[in-house]
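Asker: let me see the structure of the following:
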Amino acid sequence: MHNDMKKEARTQLVKDTASNNEVFAMDLQSVLLSLRSNVSALYYKTKLIVHNFTLYNIRKNKGYCYIWNECEGKLTSNEFSTIILTAVGKFINQNPIGDDQELILYSNGCTY
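Answerer: Residues are numbered from 1 along each chain as shown. Just a heads-up that it's a prediction; the model follows:
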């Protein structure tokens, strides 16, 4: 069932990108650990978790990476909705959407 839904989503993505619509894909990279060290005591004391959420405009071949660490924010719907609304708002301000167009967002949601 999951594979069937995945194939259906990919087919729809191909149709959407071939249309006049603006299509974005988004994904969260798995956790990045910063300050790597081979000294075990230092590793456990200085570990900092960094997050990377990327939006990719498929039609314009442009990617937008939003990076923050655990001190600046968490992994909640607040962070994601703020990033998405900010990015989409900037895009629409710079590229007005026509009456015959839609803005379509794709996310696999497997990592969050």
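Asker: what are the ranges of the strands in the protein?
Answerer: For the chain, the strands defined by DSSP state E occupy 22-34, 48-57, 62-69, 103-107.
Asker: out of the helices and strands in the chain, which is least certain?
Answerer: Evaluated with mean pLDDT, DSSP states H and E, the helix-and-strand set of the chain has its lowest mean pLDDT in helix 40-46, which scores a mean of 63.
Asker: any idea of the pLDDT on residue 20?
Answerer: In this prediction, residue 20 carries a pLDDT score of 90.
Asker: separation between it and residue 47?
Answerer: With distances taken as C-beta to C-beta, to the nearest Å, residue 20 is found 47 Å from residue 47. Any C-beta I mention is one placed from the backbone N, CA and C, and that applies to glycine too.
Asker: ok, these two, which is more surrounded?
Answerer: Taking residue 20 and residue 47 together and counting by other C-beta atoms under 10 Å, residue 47 has the greater number of neighbours (13 against 10).
Asker: what's the burial count for residue 97?
Answerer: Applying other C-beta under 10 Å, we find 13 other residues in the vicinity of residue 97.
Asker: you'd agree it is up against residue 88?
Answerer: No - with contact taken as C-beta atoms under 8 Å, residue 97 and residue 88 are classed as non-touching, separated by 10.0 Å.
Asker: between the two, what contacts are shared?
Answerer: Applying C-beta atoms under 8 Å, 6 or more residues apart in numbering, one finds that residue 97 and residue 88 are jointly contacted by residue 103.
Asker: who's residue 32 bridged to?
Answerer: On DSSP bridges, the residues paired with residue 32 through beta bridges are residue 50.
Asker: distance of it from residue 48?
Answerer: For residue 32 relative to residue 48 (C-beta to C-beta), the value is 9 Å.
Asker: for residue 29, same thing?
Answerer: Using C-beta to C-beta, one gets 15 Å for the distance from residue 29 to residue 48.
Asker: how about low-confidence regions in the chain?
Answerer: By pLDDT under 70, the low-scoring segments of the chain are 34-46, 109-112.
Asker: mind doing that once more with 90?
Answerer: Within the chain, the segments meeting pLDDT under 90 span 1-7, 9-10, 18-19, 29-51, 59, 69-71, 73-78, 95-100, 107-112.
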